[in-house]
Structures are given as structure tokens and as C-alpha cells.
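Asker: Below is the sequence, then the predicted model.
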Amino acid sequence: TRSTRPQRLLRAVQQKAIKGDPQSVISAIDYFCRHSEWAMNVGDEKGSILDSVVCEVCPTTALELGTYCGYSTVRIARLLPPGTKLITLEFNPAFAAVARQVIEYAGLQNKVCLVEGASGDLIPKMCQMFGIKTFDFVFIDHWKDRYLPDIKLLEECQLLRKGSILLADNVICPGTPEYLEYVRNSPHYESKYFKSHLEYTKVEDGLEKSVFLG
Ligand SMILES: C[S@@+](CC[C@H](N)C(=O)[O-])C[C@H]1O[C@@H](n2cnc3c(N)ncnc32)[C@H](O)[C@@H]1O
Ligand SMILES: O=C(c1ccccc1)c1ccc(O)c(O)c1[N+](=O)[O-]
Ligand SMILES: [Mg+2]
């Protein structure tokens, strides 16, 4: 049977990257997506913005909604100091299986906790599962119609604190209009748009960074 795109992406990592070297894993995936097959990773251009926000926040607790093949998971985890954990949620078992191998190839399995399941079910369990009180940083990159309900859920579960940073991918393409309207108009958030491009294309897209004000 034909391989899947995530499986072909994983093979490219295994053939081109150096085991234990996160940057070479990132470069191998970006090369594959530019020259072989487009895939919905945040990519190198928006990835650099993601890197700068992670470095600025220096999170001790971080959450990622939507793992896919683990590209952004590796980007974030490689920047985290020892002792900090990135929790990443993925409800597609086939994608999760590939992501685990990509994360392990990068040597970052001790900084990442990949949980298989739907964000709507797992977010309310973060406290009991991990003893997490609040998240310093949340990267939002799952299906676009879930962005707004899931940040409202994070608020309800009291998983955000004054100063928590939300960084949302694809606010222009494919677009997340309800989410944007909410974080830009709510008195509980201060938002800023980082203009960029849809991964591996010239189409406009960008990231929205929102600070929770409490
Ligand atoms: C765009 S991909 C993630 C890309 C990844 N963040 C990166 O940049 O490398 C979106 C992923 O979110 C997953 N997903 C969508 N809705 C979800 C949900 N409610 N809970 C968990 N995973 C979800 C999809 O299966 C898919 O793998
Ligand atoms: O929705 C798509 C999409 C829509 C149609 C075809 C392929 C992908 C998409 C495109 C770029 C992204 O960065 C991204 O995160 C997603 N996504 O699925 O979450
Ligand atoms: Mg995206």
C-alpha cells in the first residue's frame, strides 16, 4: 500500500538529518516540503517568528495544540531550558506515531510529552494529568474552527495567568476570523499581528500573538 505523506516526511528526516541534531531535522523537513511535497508545518519563515517568541517568553510550561509530524514541536522544544516540558496534543494516531519518531530522532523526547487525543477532552485534564496550574505559552495550530472554543476552555479551566502568551498560526490563511475578532476586541487580551507567508508559499499569512491580561 502507498505510503502516507507523514511517512515520506519521516523517511526524509531519517535519510537527511543527523540523529540528535534538532536543527538538521528542521532543515530536512523544510527541504522536503519545499522541493518534494508541501505539508502543513508552520515552516521556516513563520518558524523563525515562533522561535523568537519562545525565546522571549522562556516558558517553564508550554502547550501545543496540533502536533502533526512534530516539526513545530521540535522547533519549540529545542529552545526550552532543561527541566521544562512541552505538552503537545494530537488526535490523529497515524500523525502522532510519525511525530513521536521525528521528536525522538531530534533527541528531544525528554522535553516533550505528546498526548494522543482531542484538545477539547484533554485541556480540562491538564491539571490532573501533569499537575499543571497555568501555561506560560500556548502555540495554537490545530483545526481552525477549534481556536476560539479552545482558548475559552483554557480560560474556564484557569490554565491562563496574567501574562500567558498565546501564539496562533494561520490567522490569515486558511484564516481564523472568529478567533481574531475575539482576541483583538476582548478586554482580557492584548494582541499583535506578525505578517508572514503561508508555509513554503508566497501567499500572505501570519501569526497572532496575544497576551492574557487576567
Ligand atoms: C497544521 S497541523 C499541525 C502542524 C504543526 N503544529 C507544525 O507546525 O508542525 C494540525 C494538526 O492538528 C490536529 N488536530 C486538529 N484538531 C485537533 C484537536 N481538536 N485536538 C487535537 N489535535 C487536533 C490534526 O490532526 C493535525 O495533525
Ligand atoms: O487547514 C489547512 C489546510 C487546508 C487545506 C489543505 C491543506 C491544509 C492548514 C493549512 C496551513 C496550516 O499551517 C495549517 O495549520 C492548516 N491546518 O490544517 O491546520
Ligand atoms: Mg498551521
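Answerer: Nice, thanks for sending it over. Ligands and ions are numbered 1, 2, ... in the order given.
Asker: C-alpha only now, for contacts and for neighbours.
Answerer: Fine.
Asker: what bridges to the residue nearest to residue 135 when sequence neighbours are not counted?
Answerer: Leaving aside its chain neighbours, residue 135 sits nearest to residue 61 (5.1 Å; criterion: C-alpha to C-alpha, 6 or more residues apart in numbering). For residue 61, the beta-bridge partners are residue 85 (DSSP bridges).
Asker: Contact partners for residue 61?
Answerer: 84-86, 132, 134-137 (C-alpha atoms under 8 Å, 6 or more residues apart in numbering).
Asker: Put the buried members of those residues into a PyMOL selection.
Answerer: PyMOL command restricting the contacts of residue 61 to the buried ones, with burial defined by 16 or more other C-alpha atoms under 10 Å:
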select buried, resi 84+85+86+134+135+136+137
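Asker: Which one of the contacts of residue 61 is nearest to residue 159?
Answerer: Checking the contacts of residue 61 against residue 159 with C-alpha to C-alpha, the nearest one is residue 134 at 4.2 Å.
Asker: mind checking the backbone torsions on that closest one?
Answerer: phi -140, psi 160 (degrees, to the nearest 10).
Asker: can you check residue 195 too?
Answerer: Torsion angles at residue 195 (phi, psi; degrees, to the nearest 10) stand at phi -70, psi 140.
Asker: Please tell me how far it sits from residue 137.
Answerer: 20 Å (C-alpha to C-alpha, to the nearest Å).
Asker: out of the contacts of residue 61, which one sits closest to ligand 3?
Answerer: Ligand 3 lies nearest to residue 137 out of the contacts of residue 61, by C-alpha to the ion, at 16.5 Å.
Asker: That closest one and ligand 2, how far apart?
Answerer: Using C-alpha to the nearest ligand atom, to the nearest Å, residue 137 is found at 18 Å from ligand 2.
Asker: my guess is that residue meets residue 163, correct?
Answerer: No. At 9.2 Å, residue 137 and residue 163 do not qualify as touching, with contact defined as C-alpha atoms under 8 Å.
Asker: what subset of the contacts of residue 61 is also close to ligand 1?
Answerer: Applying C-alpha under 6 Å from any ligand atom to the contacts of residue 61, one finds that nothing falls near ligand 1.
Asker: Rebuild the contacts of residue 61 as a markdown table, extending it with distance to residue 123 and pLDDT.
Answerer: As requested, the contacts of residue 61 are arranged in a markdown table below (distance: C-alpha to C-alpha, whole Å; pLDDT from 0 to 100):
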| residue | distance to residue 123 | pLDDT |
| --- | --- | --- |
| 84 | 19 | 90 |
| 85 | 16 | 88 |
| 86 | 14 | 98 |
| 132 | 11 | 93 |
| 134 | 11 | 97 |
| 135 | 11 | 98 |
| 136 | 15 | 97 |
| 137 | 14 | 98 |
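Asker: hey, where'd the helices end up in the protein?
Answerer: 5-16, 22-35, 43-57, 71-77, 93-105, 119-122, 126-130, 147-156, 177-185 (DSSP state H).
Asker: Return the most buried member of those helices.
Answerer: helix 71-77 (a mean of 25; mean count of other C-alpha atoms under 10 Å).
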